[in-house]
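S.K.: here is my input; please provide its structure:
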Amino acid sequence: MTAPGLIVAAHKSGAGKTTVTLALLSALRRRGLRIHAAKSGPDYIDPAFHARATGEESVNLDSWSMPPGLLDNLMATASVGADLVVVEGVMGLFDGVSGAAGRTGATADLAARFGLPVIFVIDVSAQAQSAAALLRGFATHDPAVRIAGVILNSVAGERHARLVSRAIGALEIPILGMLPRDKAIALPERHLGLIQAGEHEDIEARFAALAALAEEHLDLDAIVGLARAPRIAESQATGLFLPPPGMRIAVARDAAFTFLYPHLGRGWRAQGAELVPFSPLADEGPDAACDACWLPGGYPELHAGRLAAASNFKSKLAEFAATRPVHGECGGYMVLGKGLIDADGTRQAMAGLLSHSTSFANRKLHLGYREAALLAPCVLGEAGARVRGHEFHYASVIDPGDDAPLAALTDGEGNGIGRTGGRRGNVTGTFFHAIAGA
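M.R.: Numbers count the residues shown, from 1 in each chain. Got it, this is the predicted structure:
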């Protein structure tokens, strides 16, 4: 039986979606419900918080990079064994790229595809009755998207609440709660978003505080009552999971390497592969019994000195790469290069399996959807295959080296942005994070 679901969305980034989502997850789990969560878009960090709050793996649902059949497969899997599925939106409800209907990356694509009700969060700071006009616009913008209720965030006091709620009352959209203005509940951030869930020593206390916030200020019974079973196509295209890079994959996993999409690991296992974790920060190399090595993204720039000193990791990685494929994404790509200049301007020696060098000292944001056309056979597919994904980092290549490029890139709207990455022998890498076959 398919579990009912709902989407938590907002009118903009920073309106409080993550706070509301985590408060809901924590409060409903405390009630004894089994909650599964998902994240609209390619964000890595929020799903890790979802998983800590629910005790269950969270998954990304991205309408631009994932073909419809894969979305259906992941939504169906998220529904198995759950009492409720909560999907956290990305940016504003209708924010995405220009593209084919239903393939823009917007949260609204998921609401329309699966017929899920939207719980709409409005940051009402610095406004009152105007919040009703904003809600009216969002509620009528697309008839395929249903806003089932609203949660008001950053309410200054009783008078403020009264002004906003009276104006919204005319729209016949129920107010499901009002959260007070309280900076103490905000989670700390760094350059790629929230400080990761695994780095908070007080994470359980934070979840307890969020659960108490939801219990006091949200109508949890009404919210659960609005959930509906998602519409999921009977035929789900599982073949569009990316192929595993090997059948026994050594995967770097520690505070420097954390950004492996849950659906990638799930898809590899479904195709018979085994994932074997190791920690470069603990100076561990890949298991010699593996037939491929994957260095995911993360925060190597925050640990560059330790990685430079990890001589066993680097020597074992080089031994592995002599006979088997090694691939690095984003942070992993930085570590495969010759050097990494950290935030202090110090150059740290990396693995040197590719010839480029990168720098985090002069930060520049690189962000957006990417479609890669592979220029040669590699762990991502055959030459000419197209893979969709995402790029999100502040580091830059300061020396491109002399390796052959891995792929030709276009952005989310189909504009060419040049060749990227590198390949040398069995080693490949790129700043591009792969999500699914195009």
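S.K.: wait, Gly69 touches Ala233, no?
M.R.: Yes. Using Cβ atoms under 8 Å, Gly69 is in contact with Ala233, at 7.3 Å. To be clear about C-beta, it is placed using only N, CA and C from the backbone, and glycine gets the same treatment.
S.K.: any residues in contact with both of the two?
M.R.: With contacts defined as Cβ atoms under 8 Å, 6 or more residues apart in numbering, no residue is shared by Gly69 and Ala233.
S.K.: Leu171 against Ala131, yeah?
M.R.: No. Under the criterion of Cβ under 8 Å, Leu171 makes no contact with Ala131, lying 10.3 Å away.
S.K.: who's more crowded, those two?
M.R.: Comparing Leu171 with Ala131 by neighbour count (other Cβ atoms under 10 Å), the higher total belongs to Ala131, at 20 against 16.
S.K.: how far off centre is the host helix or strand of the more buried one?
M.R.: For Ala131, the enclosing helix or strand under DSSP states H and E is helix 130-140. Offset of helix 130-140 from its chain centre (Cα atoms, centre = their mean, to the nearest Å): 28 Å.
S.K.: how about it: buried residues?
M.R.: By neighbour count on 16 or more other Cβ atoms under 10 Å, the buried set for helix 130-140 is 131-132, 134-136, 138-139.
S.K.: any idea of the mean pLDDT in it?
M.R.: Across helix 130-140, pLDDT averages out at 98.
S.K.: mind listing what the helix or strand that it is followed by pairs with, with the direction of each?
M.R.: The helix or strand immediately downstream of helix 130-140 is strand 147-155, counting by DSSP H and E. Using DSSP bridges, strand 147-155 pairs in its sheet with strand 118-123 (parallel), strand 175-180 (parallel).
S.K.: of all those, which lies closest to Ala322?
M.R.: When the strands paired with strand 147-155 are compared by Cβ to Cβ, strand 118-123 sits nearest Ala322, at 52.1 Å.
S.K.: break the protein down into its structural domains.
M.R.: Per the record, the chain has its domains at 5-226, 241-437, by automatic domain parsing.
S.K.: quickly, which of those domains bottoms out on average pLDDT?
M.R.: Looking over the domains of the chain, mean pLDDT reaches its minimum on domain 5-226, with a mean of 92.
S.K.: how far does that one sit from its chain's centre?
M.R.: Distance, stretch centre to chain centre, for domain 5-226: 14 Å (Cα atoms, centre = their mean).
S.K.: over to stretch 361-373?
M.R.: 15 Å.
S.K.: so which residues of the stretch 151-300 of the chain form helices?
M.R.: In the stretch 151-300 of the chain, the helices defined using DSSP state H, counting those that start in this stretch lie at 158-169, 203-217, 220-226, 262-270.
S.K.: would you turn the ones you listed into TSV with mean neighbour count and distance to Asp109?
M.R.: Below are the helices of the stretch 151-300 of the chain laid out as TSV (neighbours: other Cβ atoms under 10 Å; distance: least, Cβ to Cβ, whole Å):
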stretch	mean neighbour count	distance to Asp109
helix 158-169	16	26
helix 203-217	17	27
helix 220-226	16	20
helix 262-270	19	17
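S.K.: of all these, which one comes closest to Leu6?
M.R.: Nearest to Leu6, of all these, is helix 220-226, at 6.2 Å by Cβ to Cβ.
S.K.: show the end-to-end separation of stretch 424-432, please.
M.R.: Length of stretch 424-432, first residue to last, Cα to Cα, to the nearest Å: 17 Å.
S.K.: ok so, going back, between strand 175-180 and the helix holding Ala131, find me the angle.
M.R.: 140 degrees (axes from the mean of the first three to the mean of the last three Cα atoms, to 10 degrees).
S.K.: helix 130-140 to helix 158-169, inter-axis angle?
M.R.: Note on geometry: by the same axes, to 10 degrees, helix 130-140 and helix 158-169 are set 30 degrees apart in direction.
S.K.: with just CA atoms, put helix 130-140 into PDB.
M.R.: What follows is helix 130-140, C-alpha atoms only, in PDB (Å, rounded to 0.1, in the frame of the first residue of the first chain):
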ATOM      1  CA  SER A 130       0.300  41.400   1.900                       C
ATOM      2  CA  ALA A 131       1.000  37.800   2.800                       C
ATOM      3  CA  ALA A 132      -2.500  37.000   1.700                       C
ATOM      4  CA  ALA A 133      -1.900  38.600  -1.800                       C
ATOM      5  CA  LEU A 134       1.300  36.500  -2.000                       C
ATOM      6  CA  LEU A 135      -0.500  33.300  -1.100                       C
ATOM      7  CA  ARG A 136      -3.400  34.100  -3.500                       C
ATOM      8  CA  GLY A 137      -0.900  34.400  -6.400                       C
ATOM      9  CA  PHE A 138       0.900  31.100  -5.600                       C
ATOM     10  CA  ALA A 139      -2.400  29.200  -5.000                       C
ATOM     11  CA  THR A 140      -3.800  30.200  -8.400                       C
END
